[in-house]
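> I'd like to go over a predicted model; first the sequence, then the structure.
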Amino acid sequence: MKPIVEFCTSNMHHGTDKVMRELEQDPEVDVIEYGCLGNCGECYLFPYAMVNGEIVAAETADELRDRIAASIEEQKQHTSQLDKLIDDL
């Protein structure tokens, strides 16, 4: 299953539009843009996105890109570990 990265259009003033466009080019990631993700506090203060339903935030859009990649990798590792546990049962 591909990771889902969600962006809020109201957060684009932080430069997340660039990050979103970059991720849209990655065939291994599903990118969704919403008018509002309902996280107005985060949206106003700093760049953020949601990766598989979890908020990922950073000081800058470039840092956000790196944190999104790290979150995707971490979630893949967790899924792999759970799959292994299930297989061992």
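Perfect, I can see it now.
> longest helix anywhere in the chain?
In the chain, with assignment by DSSP state H, the single longest helix is helix 61-88.
> Report the contact partners of Lys18.
Ala61 (C-beta atoms under 8 Å, 6 or more residues apart in numbering). Glycine gets a C-beta too; all of them are placed from N, C-alpha and C.
> rerun that using 10 Å as the cut-off
Under the criterion of C-beta atoms under 10 Å, 6 or more residues apart in numbering, the neighbours of Lys18 are Met12, Pro47, Ala61, Asp62, Leu64, Arg65.
> Take these and, keeping just the buried ones, write it as a PyMOL select command.
Selecting the buried subset of those in PyMOL, with 16 or more other C-beta atoms under 10 Å as the burial test, is done by:
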select buried, resi 12+47+61+64+65
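> which one among the contacts of Lys18 gets closest to Pro27?
For the contacts of Lys18, the residue nearest Pro27 by C-beta to C-beta is Arg65; the value is 17.0 Å.
> which residues touch the residue nearest to the closest one when sequence neighbours are not counted?
Nearest residue to Arg65, sequence neighbours excluded (C-beta to C-beta, 6 or more residues apart in numbering): Val19, at 4.7 Å. Counting by C-beta under 10 Å, 6+ apart, Val19 touches 5, 7, 12, 31, 47, 49, 58, 60-68.
> Val19: which element?
In the assignment (DSSP states H and E), Val19 maps to helix 16-24.
> Give the next helix or strand downstream of that helix.
strand 30-34.
> Mind listing what's buried along that following strand?
Val31.
> Just want the angle from it to helix 16-24.
Going by axes from the mean of the first three to the mean of the last three C-alpha atoms, to 10 degrees, strand 30-34 is angled at 150 degrees with respect to helix 16-24.
> Let's test this: mean pLDDT of strand 30-34, rounded?
Across strand 30-34, pLDDT averages out at 97.
> Strand partners (parallel or antiparallel) of it?
Strand pairing for strand 30-34, using DSSP bridges, gives strand 4-8 (parallel).
> tally of neighbours for Ala69?
Using other C-beta atoms under 10 Å as the criterion, Ala69 is surrounded by 16 other residues.
> what separates it from Asp87, distance-wise?
Per C-beta to C-beta, to the nearest Å, Ala69 is found 27 Å from Asp87.
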